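> Sequence and predicted structure below; questions after.
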Amino acid sequence: MKFWDREEEKKHLKGYLKSEPNAILFVYGPKSSGKSTLLMKVLDELKGELYTYYYDLRLVPVSGYKEVLRIFFRERGWRERLKKAIPEIASATLKYFEIDGKVLEDMFEMKLNPFEVMENAIRGRKSRNKKKPVIVFDELQKLKEVYVNGGEQRPLVRELFNFFVRLTKVLHLSHVIVMSSDTFFIEEVYSDSTLKNCSRYYLVDYFDDEVAYKVLVNEGVEEEEAKEIVERAGGVPWILEEIVESEDPMKELRELQREAYSKLINVLAGAKEEGWLNEAEEVLKKVINDEIDIISDRKKVERLVQKEILFYDPINVVVRFQTRLDELAARELLKEGAK
Ligand SMILES: Nc1ncnc2c1ncn2[C@@H]1O[C@H](COP(=O)(O)OP(=O)(O)OP(=O)(O)O)[C@@H](O)[C@H]1O
Ligand SMILES: [Mg+2]
(Lines give C-alpha, C1' and ligand atoms only; values in the text may rest on other atoms or scores of the structure.)
(Ligands and ions follow the chains in the order given, each with its own letter.)
Protein backbone atom coordinates (compact mmCIF):
# COMPACT_ATOMS: atom_id res chain seq x y z
CA MET A 1 0.00 0.00 0.00
CA LYS A 2 1.30 3.39 -1.01
CA PHE A 3 1.78 6.19 1.55
CA TRP A 4 -0.57 9.09 0.81
CA ASP A 5 0.14 12.80 1.18
CA ARG A 6 0.73 14.22 4.70
CA GLU A 7 3.10 16.86 3.36
CA GLU A 8 2.12 19.45 5.95
CA GLU A 9 2.29 16.99 8.84
CA LYS A 10 5.64 15.65 7.69
CA LYS A 11 7.01 19.17 7.51
CA HIS A 12 5.84 19.92 11.03
CA LEU A 13 7.31 16.75 12.52
CA LYS A 14 10.59 17.15 10.67
CA GLY A 15 10.79 20.72 11.92
CA TYR A 16 10.49 19.43 15.48
CA LEU A 17 13.05 16.67 14.96
CA LYS A 18 15.59 18.96 13.32
CA SER A 19 15.42 21.63 16.01
CA GLU A 20 17.27 21.41 19.31
CA PRO A 21 15.36 19.26 21.83
CA ASN A 22 13.40 21.62 24.03
CA ALA A 23 9.96 20.09 24.69
CA ILE A 24 8.12 16.79 24.70
CA LEU A 25 5.93 16.44 21.62
CA PHE A 26 2.51 14.85 22.14
CA VAL A 27 1.00 13.58 18.89
CA TYR A 28 -2.68 12.83 19.26
CA GLY A 29 -5.73 12.30 17.09
CA PRO A 30 -8.80 10.16 16.53
CA LYS A 31 -8.43 6.39 16.32
CA SER A 32 -6.78 5.19 13.12
CA SER A 33 -6.10 8.70 11.87
CA GLY A 34 -2.67 7.55 10.72
CA LYS A 35 -0.48 8.75 13.61
CA SER A 36 1.76 5.70 13.77
CA THR A 37 2.05 5.36 10.00
CA LEU A 38 2.97 9.03 9.65
CA LEU A 39 5.59 8.96 12.36
CA MET A 40 7.16 5.77 11.02
CA LYS A 41 7.37 7.42 7.62
CA VAL A 42 9.03 10.54 9.03
CA LEU A 43 11.49 8.53 11.11
CA ASP A 44 12.33 6.43 8.09
CA GLU A 45 12.96 9.48 5.92
CA LEU A 46 15.29 10.88 8.61
CA LYS A 47 16.94 7.60 9.48
CA GLY A 48 20.35 8.87 8.41
CA GLU A 49 20.16 11.63 11.03
CA LEU A 50 18.34 9.98 13.91
CA TYR A 51 18.93 7.19 16.35
CA THR A 52 15.43 6.10 17.30
CA TYR A 53 14.28 4.20 20.35
CA TYR A 54 10.73 3.19 19.41
CA TYR A 55 8.41 1.57 21.91
CA ASP A 56 5.00 0.41 20.80
CA LEU A 57 3.29 -0.23 24.10
CA ARG A 58 0.24 -1.68 22.43
CA LEU A 59 2.30 -4.69 21.46
CA VAL A 60 3.58 -5.52 24.92
CA PRO A 61 1.74 -6.80 27.96
CA VAL A 62 2.24 -4.30 30.75
CA SER A 63 1.53 -5.40 34.26
CA GLY A 64 4.19 -4.27 36.69
CA TYR A 65 7.26 -2.13 37.03
CA LYS A 66 9.76 -4.88 36.21
CA GLU A 67 7.92 -5.83 33.02
CA VAL A 68 8.12 -2.21 31.97
CA LEU A 69 11.88 -2.15 32.57
CA ARG A 70 12.15 -5.14 30.27
CA ILE A 71 10.51 -3.09 27.53
CA PHE A 72 13.40 -0.62 27.59
CA PHE A 73 16.50 -2.58 28.47
CA ARG A 74 18.33 -5.59 27.11
CA GLU A 75 21.53 -7.23 28.23
CA ARG A 76 24.42 -6.47 25.90
CA GLY A 77 24.76 -9.03 23.11
CA TRP A 78 21.04 -9.88 23.13
CA ARG A 79 20.75 -9.30 19.39
CA GLU A 80 23.53 -11.77 18.54
CA ARG A 81 21.98 -14.36 20.81
CA LEU A 82 18.55 -13.80 19.31
CA LYS A 83 19.97 -13.92 15.78
CA LYS A 84 21.17 -17.43 16.42
CA ALA A 85 17.78 -18.45 17.70
CA ILE A 86 15.31 -16.53 15.48
CA PRO A 87 17.09 -14.69 12.64
CA GLU A 88 14.04 -12.88 11.27
CA ILE A 89 13.18 -11.18 14.57
CA ALA A 90 16.74 -10.08 15.23
CA SER A 91 16.95 -8.25 11.92
CA ALA A 92 13.95 -6.07 12.76
CA THR A 93 14.88 -2.60 13.89
CA LEU A 94 14.28 -3.11 17.58
CA LYS A 95 16.24 -0.64 19.63
CA TYR A 96 16.79 -1.07 23.30
CA PHE A 97 19.08 0.43 25.86
CA GLU A 98 21.81 -2.20 25.90
CA ILE A 99 23.54 -2.59 29.23
CA ASP A 100 25.69 -5.06 31.19
CA GLY A 101 23.98 -7.94 32.91
CA LYS A 102 25.12 -6.68 36.30
CA VAL A 103 23.59 -3.24 35.72
CA LEU A 104 20.37 -4.88 34.62
CA GLU A 105 20.28 -6.95 37.78
CA ASP A 106 20.97 -3.95 40.02
CA MET A 107 18.17 -2.07 38.33
CA PHE A 108 15.68 -4.85 38.89
CA GLU A 109 16.71 -4.90 42.54
CA MET A 110 16.20 -1.12 42.73
CA LYS A 111 19.86 -0.49 43.52
CA LEU A 112 20.14 1.60 40.36
CA ASN A 113 17.88 4.26 38.94
CA PRO A 114 16.76 3.24 35.42
CA PHE A 115 16.47 6.87 34.33
CA GLU A 116 20.13 7.49 35.16
CA VAL A 117 21.05 4.39 33.21
CA MET A 118 19.06 5.62 30.20
CA GLU A 119 20.54 9.08 30.42
CA ASN A 120 24.07 7.68 30.47
CA ALA A 121 23.30 5.40 27.55
CA ILE A 122 21.98 8.34 25.51
CA ARG A 123 25.03 10.46 26.36
CA GLY A 124 27.32 7.58 25.39
CA ARG A 125 25.54 7.05 22.09
CA LYS A 126 25.59 10.76 21.32
CA SER A 127 29.32 11.01 21.84
CA ARG A 128 29.94 7.87 19.73
CA ASN A 129 28.06 8.95 16.65
CA LYS A 130 26.53 12.06 15.21
CA LYS A 131 22.97 10.77 15.02
CA LYS A 132 20.44 12.60 17.17
CA PRO A 133 18.66 10.40 19.68
CA VAL A 134 14.86 10.36 19.72
CA ILE A 135 12.63 8.36 22.03
CA VAL A 136 9.17 7.50 20.73
CA PHE A 137 6.30 6.01 22.70
CA ASP A 138 3.24 4.73 20.93
CA GLU A 139 0.21 4.58 23.27
CA LEU A 140 2.01 5.60 26.46
CA GLN A 141 -1.29 5.72 28.36
CA LYS A 142 -0.97 1.97 28.72
CA LEU A 143 1.47 2.65 31.57
CA LYS A 144 -1.11 4.68 33.49
CA GLU A 145 -1.73 2.00 36.08
CA VAL A 146 1.92 1.13 36.69
CA TYR A 147 3.61 2.36 39.86
CA VAL A 148 7.32 2.52 40.56
CA ASN A 149 8.20 -0.76 42.19
CA GLY A 150 4.64 -1.45 43.20
CA GLY A 151 4.38 1.56 45.54
CA GLU A 152 1.00 3.27 45.15
CA GLN A 153 2.45 6.75 45.53
CA ARG A 154 4.64 7.09 42.49
CA PRO A 155 2.96 6.56 39.14
CA LEU A 156 5.57 5.54 36.58
CA VAL A 157 4.14 7.87 33.93
CA ARG A 158 4.79 10.82 36.22
CA GLU A 159 8.43 9.76 36.71
CA LEU A 160 8.79 9.26 32.99
CA PHE A 161 7.49 12.75 32.28
CA ASN A 162 9.96 14.25 34.74
CA PHE A 163 12.70 12.34 32.97
CA PHE A 164 11.48 13.48 29.54
CA VAL A 165 11.47 17.11 30.67
CA ARG A 166 15.05 16.64 31.80
CA LEU A 167 16.06 15.06 28.48
CA THR A 168 14.43 17.80 26.41
CA LYS A 169 13.98 21.14 28.14
CA VAL A 170 16.80 20.88 30.68
CA LEU A 171 19.62 18.97 28.98
CA HIS A 172 18.58 19.25 25.30
CA LEU A 173 19.89 15.71 24.95
CA SER A 174 17.15 13.86 23.12
CA HIS A 175 13.80 14.40 21.45
CA VAL A 176 10.81 12.69 23.00
CA ILE A 177 7.60 11.98 21.09
CA VAL A 178 4.54 10.51 22.78
CA MET A 179 1.62 9.30 20.66
CA SER A 180 -1.86 8.61 21.92
CA SER A 181 -5.41 8.24 20.70
CA ASP A 182 -6.68 8.45 24.29
CA THR A 183 -7.48 12.13 24.39
CA PHE A 184 -8.59 12.09 28.02
CA PHE A 185 -5.04 11.07 28.78
CA ILE A 186 -3.83 13.96 26.60
CA GLU A 187 -6.18 16.28 28.51
CA GLU A 188 -4.71 15.17 31.83
CA VAL A 189 -1.21 15.82 30.57
CA TYR A 190 -2.21 19.15 29.05
CA SER A 191 -3.65 20.43 32.30
CA ASP A 192 -0.66 19.25 34.34
CA SER A 193 1.09 22.39 35.55
CA THR A 194 4.51 20.73 35.75
CA LEU A 195 4.42 20.18 32.00
CA LYS A 196 3.49 23.74 31.08
CA ASN A 197 6.12 25.20 28.76
CA CYS A 198 7.76 21.79 28.47
CA SER A 199 5.35 20.18 26.04
CA ARG A 200 3.90 20.71 22.58
CA TYR A 201 0.76 19.16 21.12
CA TYR A 202 0.13 18.14 17.55
CA LEU A 203 -3.12 16.84 16.13
CA VAL A 204 -2.94 14.27 13.35
CA ASP A 205 -6.45 14.26 11.98
CA TYR A 206 -8.09 12.43 9.11
CA PHE A 207 -7.41 13.68 5.58
CA ASP A 208 -9.52 16.64 4.55
CA ASP A 209 -12.09 16.11 1.78
CA GLU A 210 -9.93 17.47 -0.99
CA VAL A 211 -7.02 15.14 -0.21
CA ALA A 212 -9.35 12.17 0.31
CA TYR A 213 -10.90 12.79 -3.10
CA LYS A 214 -7.46 12.97 -4.74
CA VAL A 215 -6.36 9.76 -3.05
CA LEU A 216 -9.43 7.89 -4.27
CA VAL A 217 -9.16 9.14 -7.84
CA ASN A 218 -5.41 8.44 -7.95
CA GLU A 219 -6.10 4.92 -6.74
CA GLY A 220 -8.48 4.38 -9.66
CA VAL A 221 -11.93 5.16 -8.20
CA GLU A 222 -14.24 6.95 -10.66
CA GLU A 223 -14.72 10.67 -10.04
CA GLU A 224 -18.45 10.60 -9.33
CA GLU A 225 -18.06 7.69 -6.93
CA ALA A 226 -15.08 9.30 -5.23
CA LYS A 227 -17.18 12.41 -4.63
CA GLU A 228 -19.95 10.44 -3.00
CA ILE A 229 -17.57 8.35 -0.89
CA VAL A 230 -15.91 11.48 0.50
CA GLU A 231 -19.28 13.10 1.18
CA ARG A 232 -20.45 10.11 3.19
CA ALA A 233 -17.29 8.73 4.76
CA GLY A 234 -14.80 11.62 4.85
CA GLY A 235 -11.03 11.14 4.82
CA VAL A 236 -10.43 8.31 7.29
CA PRO A 237 -7.29 6.52 6.03
CA TRP A 238 -8.40 3.00 6.92
CA ILE A 239 -11.81 3.54 5.32
CA LEU A 240 -10.17 4.84 2.15
CA GLU A 241 -7.86 1.84 2.26
CA GLU A 242 -10.79 -0.59 2.54
CA ILE A 243 -12.58 1.10 -0.34
CA VAL A 244 -9.55 1.28 -2.61
CA GLU A 245 -8.72 -2.35 -2.04
CA SER A 246 -12.26 -3.61 -2.63
CA GLU A 247 -13.61 -4.82 -5.97
CA ASP A 248 -16.66 -2.60 -5.84
CA PRO A 249 -16.13 0.75 -4.04
CA MET A 250 -19.82 1.67 -3.71
CA LYS A 251 -20.71 -1.74 -2.33
CA GLU A 252 -17.87 -1.41 0.19
CA LEU A 253 -19.16 2.04 1.17
CA ARG A 254 -22.64 0.65 1.85
CA GLU A 255 -21.07 -2.16 3.85
CA LEU A 256 -19.08 0.30 5.98
CA GLN A 257 -22.19 2.38 6.50
CA ARG A 258 -24.07 -0.65 7.72
CA GLU A 259 -21.21 -1.49 10.07
CA ALA A 260 -21.23 2.03 11.55
CA TYR A 261 -24.97 1.75 12.03
CA SER A 262 -24.81 -1.57 13.83
CA LYS A 263 -21.88 -0.36 15.96
CA LEU A 264 -24.03 2.53 17.18
CA ILE A 265 -27.02 0.28 17.78
CA ASN A 266 -24.84 -1.98 19.90
CA VAL A 267 -23.52 0.92 21.91
CA LEU A 268 -27.05 2.27 22.52
CA ALA A 269 -28.34 -1.18 23.43
CA GLY A 270 -25.54 -1.41 25.98
CA ALA A 271 -26.41 2.08 27.22
CA LYS A 272 -30.02 1.03 27.70
CA GLU A 273 -28.98 -1.96 29.74
CA GLU A 274 -26.71 0.18 31.89
CA GLY A 275 -29.34 2.92 32.24
CA TRP A 276 -27.75 5.80 30.32
CA LEU A 277 -29.62 5.59 27.02
CA ASN A 278 -31.41 8.94 27.41
CA GLU A 279 -28.15 10.58 28.25
CA ALA A 280 -26.50 9.05 25.18
CA GLU A 281 -29.26 10.21 22.87
CA GLU A 282 -29.19 13.67 24.35
CA VAL A 283 -25.45 13.95 23.77
CA LEU A 284 -25.70 12.67 20.19
CA LYS A 285 -28.38 15.27 19.43
CA LYS A 286 -26.26 17.99 20.95
CA VAL A 287 -23.25 17.00 18.87
CA ILE A 288 -25.35 16.98 15.70
CA ASN A 289 -26.67 20.46 16.53
CA ASP A 290 -23.27 21.70 17.70
CA GLU A 291 -24.62 22.45 21.17
CA ILE A 292 -22.16 20.56 23.36
CA ASP A 293 -20.93 22.39 26.42
CA ILE A 294 -17.83 20.47 27.38
CA ILE A 295 -17.86 21.68 30.97
CA SER A 296 -21.34 20.44 31.83
CA ASP A 297 -21.55 17.57 29.32
CA ARG A 298 -18.11 16.16 29.99
CA LYS A 299 -19.02 12.93 31.79
CA LYS A 300 -21.66 12.05 29.23
CA VAL A 301 -19.34 12.77 26.35
CA GLU A 302 -16.62 10.63 27.89
CA ARG A 303 -18.67 7.44 27.61
CA LEU A 304 -19.34 7.87 23.91
CA VAL A 305 -15.72 8.76 23.31
CA GLN A 306 -14.66 5.54 25.01
CA LYS A 307 -17.08 3.62 22.81
CA GLU A 308 -15.43 5.26 19.80
CA ILE A 309 -18.56 7.01 18.59
CA LEU A 310 -17.33 10.51 19.44
CA PHE A 311 -13.93 12.16 19.27
CA TYR A 312 -12.82 14.73 21.83
CA ASP A 313 -9.97 17.15 21.13
CA PRO A 314 -8.97 18.69 24.48
CA ILE A 315 -6.50 21.16 23.00
CA ASN A 316 -8.91 22.80 20.56
CA VAL A 317 -11.90 21.94 22.80
CA VAL A 318 -13.93 20.22 20.11
CA VAL A 319 -16.36 17.31 20.36
CA ARG A 320 -17.45 15.68 17.13
CA PHE A 321 -18.33 12.29 15.71
CA GLN A 322 -15.44 9.91 15.32
CA THR A 323 -16.13 9.54 11.59
CA ARG A 324 -18.71 10.90 9.18
CA LEU A 325 -20.17 7.40 8.93
CA ASP A 326 -20.86 7.51 12.67
CA GLU A 327 -22.56 10.85 12.26
CA LEU A 328 -24.78 9.59 9.45
CA ALA A 329 -25.68 6.53 11.53
CA ALA A 330 -26.62 8.74 14.49
CA ARG A 331 -28.72 11.08 12.38
CA GLU A 332 -30.60 8.17 10.91
CA LEU A 333 -31.13 6.38 14.22
CA LEU A 334 -32.36 9.47 16.03
CA LYS A 335 -34.72 10.25 13.18
CA GLU A 336 -36.13 6.74 13.41
CA GLY A 337 -36.44 7.09 17.17
CA ALA A 338 -38.46 10.27 16.72
CA LYS A 339 -41.04 8.56 14.54
N1 LIG B 1 -0.71 8.44 4.87
C2 LIG B 1 -1.23 7.21 4.70
N3 LIG B 1 -1.21 6.61 3.51
C4 LIG B 1 -1.75 5.38 3.33
N5 LIG B 1 -2.33 4.67 4.30
C6 LIG B 1 -2.38 5.20 5.53
C7 LIG B 1 -1.84 6.50 5.81
N8 LIG B 1 -2.03 6.78 7.11
C9 LIG B 1 -2.66 5.71 7.62
N10 LIG B 1 -2.86 4.76 6.70
C11 LIG B 1 -3.52 3.46 6.94
O12 LIG B 1 -4.57 3.64 7.88
C13 LIG B 1 -4.55 2.66 8.89
C14 LIG B 1 -4.48 3.32 10.26
O15 LIG B 1 -3.25 3.97 10.40
P16 LIG B 1 -2.44 4.01 11.79
O17 LIG B 1 -2.44 2.70 12.45
O18 LIG B 1 -1.15 4.65 11.49
O19 LIG B 1 -3.35 5.01 12.62
P20 LIG B 1 -3.19 5.44 14.15
O21 LIG B 1 -3.68 6.83 14.23
O22 LIG B 1 -1.83 5.15 14.63
O23 LIG B 1 -4.25 4.45 14.80
P24 LIG B 1 -4.45 4.14 16.37
O25 LIG B 1 -5.27 5.24 16.89
O26 LIG B 1 -5.20 2.86 16.35
O27 LIG B 1 -3.10 4.04 16.96
C28 LIG B 1 -3.37 1.76 8.58
O29 LIG B 1 -3.86 0.58 8.00
C30 LIG B 1 -2.53 2.52 7.59
O31 LIG B 1 -1.94 1.69 6.65
MG1 LIG C 1 -1.19 4.05 16.29
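Structure received. Ligands and ions are numbered 1, 2, ... in the order given.
> got the phi/psi numbers for residue 311?
phi -120, psi 140 (degrees, to the nearest 10).
> what residues are up against it?
30, 31, 183, 305, 319, 320, 321, 322 (Cβ atoms under 8 Å, 6 or more residues apart in numbering). Where C-beta positions appear, they are placed from N, C-alpha and C, glycine not excepted.
> For the closest residue in space to it that isn't next to it in sequence, which three-state class applies?
What sits nearest to residue 311 in space, not counting adjacent residues and going by Cβ to Cβ, 6 or more residues apart in numbering, is residue 30, at 4.3 Å. Per DSSP: H, G, I helix; E, B strand; the rest coil, the secondary structure class of residue 30 is coil.
> again with residue 335
helix.
> Okay, domains of the chain per the record?
7-203, 207-245, 257-338 (automatic domain parsing).
> export those to a markdown table and tack on mean pLDDT?
Shown next, in a markdown table, are the domains of the chain (pLDDT from 0 to 100):
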| stretch | mean pLDDT |
| --- | --- |
| domain 7-203 | 87 |
| domain 207-245 | 96 |
| domain 257-338 | 94 |
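> and of the ones you listed, who's closest to ligand 2?
Each of the domains of the chain has some distance to ligand 2 by Cβ to the ion; the shortest is domain 7-203, at 3.3 Å.
> contacting residues for the residue in the chain that ligand 1 sits nearest to?
Proximity of the chain to ligand 1 (Cβ to the nearest ligand atom) peaks at residue 34, 2.8 Å away. For residue 34, the contact set (Cβ under 8 Å, 6+ apart) comprises 6, 204, 206, 237.
> And for the host helix or strand of residue 37, what's in contact with it?
If you go by DSSP states H and E, residue 37 is part of helix 35-45. By Cβ under 8 Å, 6+ apart, the surrounding residues in contact with helix 35-45 are 3, 6, 9-10, 13-14, 17, 27-29, 50, 52, 54, 56, 134, 136, 138, 177, 179, 181, 204, 237.
> quick one: which of the residues you listed sit in strands?
27, 28, 50, 52, 54, 56, 134, 136, 138, 177, 179 (DSSP state E).
> Take those residues and write them to JSON lines, including distance to ligand 1.
Listed next are the ones in strands among the contacts of helix 35-45 as JSON lines, based on distance: Cβ to the nearest ligand atom, whole Å:
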{"residue": "27", "distance to ligand 1": "9"}
{"residue": "28", "distance to ligand 1": "9"}
{"residue": "50", "distance to ligand 1": "19"}
{"residue": "52", "distance to ligand 1": "16"}
{"residue": "54", "distance to ligand 1": "13"}
{"residue": "56", "distance to ligand 1": "9"}
{"residue": "134", "distance to ligand 1": "17"}
{"residue": "136", "distance to ligand 1": "12"}
{"residue": "138", "distance to ligand 1": "7"}
{"residue": "177", "distance to ligand 1": "13"}
{"residue": "179", "distance to ligand 1": "7"}
